[in-house]
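>>> need a 3D model of the following:
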Amino acid sequence: MAETNQNLPPHDPDAEKSILGSILLNSKILDDVADKLKPEFFYDNRNSTIYTAMLQLWGVQKPVDILFVMDALKGGSSSSDIDQDFLLELISKSSLSSNPEYTAKIIKEKYLLRVIVTVGDELKALAVNDQLPPNEILDLAQKKLYEVSLENVDRNFVPIRDILSQTFERIQHLSENQVEFRGIPTGFVDVDSILGGMHNSDLIILAARPSMGKTSLALEIVKRVALNEQKGVAMFSLEMSKDQLVDKILASVSGLDMRKIRTGKLDEDGSTNEFMKLGQAIGLLDQAPIWIDDSGSLNILELRSKARRLKSRHNIGLLVIDYLQLMSGRSERAYQGNRVQEVSDISRGLKMLAKELDIPILALSQLSRSVEGREDKRPMLSDLRESGAIEQDADVVMFIHREEMYHKDTKKKGIADILISKHRNGEVGTVELAFVHKLATFANLEGAKLTKRINE
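Sure, this is the predicted structure:
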């Protein structure tokens, strides 16, 4: 069935004629191949036109035979070279195919090869003509090849008995292994009780006004996911350096005051040998599956490229971005100063990346200054800065609110409210976490109270 002329794109004319002829003889074949075979898969335009007419007839439950197909083709601009003799030739080729589904697979595979050739030619032209920056060409290459790979995935209906079987196995696994959450636990009990952990393909927005501790909370989640769940975590920091981030993680793991970590003034003697604690923390983190990128600037194209590479090489389970408003879109010239559109593209790009990699993405976000002008300083969804698209694209939106930042005499000193204001697949609500000032991190409330008593 293979085409022997090497100068032509990959295609199989016999396979194309064979399946069309088989359909003309038995239209029930369309029941098996219509969801797998698209008109654009055919190399010969005449065959594509005929198959389109067949699908139209089949869709309105009309006979799919020579007479009806010819009638359906009348008046079409691309059907002038299709006559009854051509359709009869198709029928004569039908004997070459004993398995229409296999023949449809051959046609699809040839189509995918042609797409790959076309993509290669397009990328070559862009590179030779210097029409786009190299990073945009690379991202375009990844995107197009990923789209080709999606075409190669058969998405068929699944009988409920198969889904029930898989569901029972999952529930049994959760029960036997005492797994509490389907998603990746954040390590914060009350947060996980609402979210059920961080789920694959979810875009999770963690937002707050400056100095509320969003980076600290994100780092604590990074630490707990990597150490407790042994899941790979990639963190892209556009604001803090990798040294500053590691200082914060070390303080959290070691229990040492952040000021001592920064200044190096640690006690070496006594029961609280702080150098020993630091060494133990470094030993614990040495094998932690955490990757940090502190590039000063990062656009959505570069992020996608790096994230795909990390997923392929290290199978990361969580991606963290600090923070969304410091990212840029495809290129400066693409938006002509329209920052709202740019942020919209970034948030949409993050959601699509979460789906593509099938992992949760935790993106930190700034809030607008409108919070400061209200008597009630608790954040709302409308406070998300620069774009309503962030709220639209996100599966989960969480806010951090610390009353002590506004009222020094509050009874909630050392307590942070985590407002889960959007949860696409579950309930919303507010939970409390402890903010441990000396460690510049968050903890489950009871544990933090215990830490506070020990410090005092």
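
>>> make sure I have this right: residue 365 is in a helix.
No: Residue 365: not assigned to a helix; according to DSSP: H, G, I helix; E, B strand; the rest coil it is strand.

>>> counting neighbours, what do you get for it?
26 (other Cβ atoms under 10 Å). (Each C-beta comes from the backbone N, C-alpha and C, glycine too.)

>>> so it sits against residue 204, correct?
No: in this structure residue 365 lies outside contact range of residue 204 using Cβ atoms under 8 Å: 10.4 Å.

>>> between these two, what contacts are shared?
Residues touching both residue 365 and residue 204 (Cβ atoms under 8 Å, 6 or more residues apart in numbering): none.

>>> list phi and psi for residue 36.
Torsion angles at residue 36 (phi, psi; degrees, to the nearest 10) stand at phi -110, psi -20.

>>> for residue 125, which non-adjacent residue is closest in space?
Distances taken as Cβ to Cβ, 6 or more residues apart in numbering place residue 131 nearest to residue 125, at 7.8 Å, with adjacent residues excluded.

>>> the one you found belongs to a strand, doesn't it?
No: according to three-state DSSP, residue 131 belongs to no strand; its state is coil.

>>> tally of neighbours for residue 263?
9.

>>> for the one residue sitting closest to the centre of the chain, give me its contacts.
Central residue of the chain (Cα atoms, centre = their mean): residue 354, 1.0 Å from the mean position. Residue 354 is in contact with 200, 201, 202, 203, 319, 360, 361, counting by Cβ under 8 Å, 6+ apart.

>>> in strands, which of those residues fall?
The strands, defined by DSSP state E, take in 203, 319, 361 from the contacts of residue 354.

>>> nearest spatial neighbour of the second one, skipping sequence neighbours?
Just to be clear, that refers to residue 319. residue 361 (4.6 Å).

>>> how about the first one?
Nearest-residue entry for residue 203: residue 351, 4.5 Å, with adjacent residues in sequence omitted and distances by Cβ to Cβ, 6+ apart.

>>> surely that neighbour touches residue 205?
No: with contact defined as Cβ under 8 Å, residue 351 and residue 205 do not form a contacting pair (10.3 Å).

>>> overlap in contacts of those two?
Common neighbours of residue 351 and residue 205, using Cβ under 8 Å, 6+ apart, are residue 394.

>>> more crowded one of those two?
In this view residue 351 and residue 205 are compared by other Cβ under 10 Å, and residue 205 has more residues nearby, 26 against 21.

>>> for residue 267, see how far away the more buried one is.
Taking Cβ to Cβ, to the nearest Å as the measure, residue 205 and residue 267 are separated by 41 Å.

>>> how about residue 419?
Residue 419 is 39 Å from residue 267, by Cβ to Cβ.

>>> those two: which has the busier surroundings?
residue 419 (21 against 14).

>>> what residues are bridge-paired with that one?
residue 399, residue 430 (DSSP bridges).
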